[in-house]
Structures are given as structure tokens and as C-alpha cells.
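# I would like to see how this sequence folds:
(one chain, ligands or ions: 2)
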Amino acid sequence: MRFSVLASGSNGNAVYIEYGETKILLDAGISGKQLQMRLQAACAREMSDLTAILVTHEHDDHVRGLTQVCKRSHASIYMTEGTYASLPDKAKLDDESRFHAIREEQSFTVGDIQVTPFAISHDAEQPVAFRFDTPDASLAVVTDLGYVSDRQKALLQNCDAYVFESNHDTDMLRVSRYPWHLKRRILGDKGHLSNVDAGYALIDILPESPVEVYLAHLSADNNLPDLAELTVEQIVIDARPRLAEVLKLKRTSRQEATALTEISRARV
Ligand SMILES: [Zn+2]
Ligand SMILES: [Zn+2]
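Ligands and ions are numbered 1, 2, ... in the order given. Sure thing, here's the model as predicted:
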């Protein structure tokens, strides 16, 4: 399985995943033009190559380019009924026959990839995160959630790579210029994971084998990549020192895609 985080942050999210002939776009939160440029530059792919488009939830930073990418591909489109019903007008689908309703914890296959959506706590209508499994490797993409439940931790075991939310540093957020209602939203149970939240969740999730964690959905105002990395690393390694040898923390960016990376189950 290969994947690239095309964009990650509060102003746009998209991940490209491929295995064999199956090519999936997870969220389309940047403009169609940006999606196309990044797919070409990082993955040497076109929108018309896509097999499926999956949507986590209806927030603008996840659906901004949905209409354009739907127009320029013949991909099937997967999301929950709640997300579908709540899409903003500009992201509504022209062709309803391409829409496939998905349900929490009901796995389905897209070509050669098994996809499992699971419920997350976020201030959207029926939002989900996803896990992707092939015979060679497993990947989970988990962003936009207020906390990580024991159920979610169980569903996230034994992946080879994680794209995992590390949205804000709580102290930076508290003293920021954001209005109080927005701070409350972000810090609440239906908001976003802080660096510390991410670290503590990953203690219970990460396998003992080589694993890559892409810290994702970083706030432009209330976080710093170095701080996110340091916080998560310290919390995880303090609790599980053996992971120091196998855990690789990676960065994602608002401005550019991560290199298309192959993951496989090379157990040590
Ligand atoms: Zn988001
Ligand atoms: Zn959101």
C-alpha cells in the first residue's frame, strides 16, 4: 500500500491511498486545482484515475474540492447518510447514483482494499475515521475528534502507519486570540485532539513493530510542528521506551503533499 498526505490542517485535508489498481482519495478539503497539482506532483496520478472518494464529514476543510474532483473522475463516492445529508450546498453531488452510504464499523471493499469506517466524536453529523487493510499493510487516518475512546483504540491496533491528529498545544490555544466559544469547541469532547491527547492515545494504540505516525491537522495558530513532535514523542517514549527504536514521527503540511510512501508489514 502506498499513500501521500496531500494536505493536512485546519484549512484543508486530503489523503491519497493506492494498492494495486485501487486508488482512493480520502477527503477533498482543498480546491480542485490544488488537488490535481498535488496528485500529479507527489503521486503521478490524475483525478480521473481515482476508483473511490471517501468523505469523513461535511466540514469545509474536508469537502472544499469535492464537487470538482467528482466532476473530473468517475469514482464512486462513500460517506455516511448523515454526512451526505449535511453537505454544504456547494459540495452537493450532481449525480446521486455515485453515492454509496456507509455505516460505522461495517467494513466494505474498494477494489483490493478493505475499508473500515468507525464513529468519532466531533461536532458534525455522523462523522467517521477510516482504517485501510490489505494483505501487505494497514493504515489508519484519524483526525477531527475530541477524544479517543477505548473502542476506537481497539479498532486501531496493528497498523503499519497512522495519520493521527495532533491539532493544538493546549497552552497556546488558551492564550490565543481565538474567541472563547471557539476555544471551548476545540477543547471540548467534540473538538480536536491536542498534542498531549494524541500522545496518550498512541501509547495504547501503537504496535511493537516498525510504525510511522504522521502528525496531522495541526493548527496554524495554536501549534508548532516541533512542539507537536516533541510532545508526542516524549509522552509515548516515556510510557513505552521500547518504541524509541521503531517509532518514526513524520510531518504533514498545509502547503505541500508528503512523498508517496510505501508501507508493508516488515515485522522485526
Ligand atoms: Zn477538519
Ligand atoms: Zn471537522
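# Mind checking what secondary structure the residue nearest to K250 when sequence neighbours are not counted has?
The spatial neighbour of K250 that comes closest, neighbours along the chain excluded (CB to CB, 6 or more residues apart in numbering), is Y214 at 4.6 Å. In short, each C-beta sits where N, CA and C put it, glycine included. What DSSP: H, G, I helix; E, B strand; the rest coil gives for Y214 is strand.
# give me the beta-bridge partners of Y214?
Counting by DSSP bridges, Y214 is bridged to V163, K250.
# Okay, it and V15: tell me how far apart.
Distance, Y214 to V15, by CB to CB, to the nearest Å: 9 Å.
# what about those two, which has more around it?
Legend: neighbour count by other CB atoms under 10 Å for Y214 and V15, higher for V15 (28 against 23).
# quick one, phi psi at the residue of the stretch 151-268 of the chain found nearest ligand 2?
For the stretch 151-268 of the chain, the residue closest to ligand 2 is H192, as judged by CB to the ion, at 7.7 Å. Dihedral angles of H192 (phi, psi; degrees, to the nearest 10) stand at phi -130, psi 150.
# Identify the residue nearest it in space, chain neighbours excluded?
H192's closest residue in space is N167 (CB to CB, 6+ apart), at 3.6 Å.
# Contacts only, for the one you found.
S10, T143, I186, H192, L193, S194, N195, H217, L218, S219, N222, N223 (CB atoms under 8 Å, 6 or more residues apart in numbering).
# Relative to G146, how far out is the fourth one?
Translated: H192. For H192, the distance to G146 - CB to CB - is 7 Å.
# now swap in the last one and tell me
As for N223, its distance to G146 is 16 Å (criterion: CB to CB).
# Which of those two has more residues huddled nearby?
N223 (24 against 19).
# give the contact list for that one.
By CB under 8 Å, 6+ apart, the neighbours of N223 are S166, N167, H168, D169, M172, N195.
# now with 7 Å?
N223 sits next to N167, H168, D169, M172, N195 when contact means CB atoms under 7 Å, 6 or more residues apart in numbering.
# Now do the same for A198: helix, strand or coil?
Taking three-state DSSP, the label given to A198 is helix.
# The residue nearest to it when sequence neighbours are not counted - how many residues pack around it?
Nearest residue to A198, sequence neighbours excluded (CB to CB, 6+ apart): S166, at 4.2 Å. Per other CB under 10 Å, the neighbour tally for S166 reads 32.
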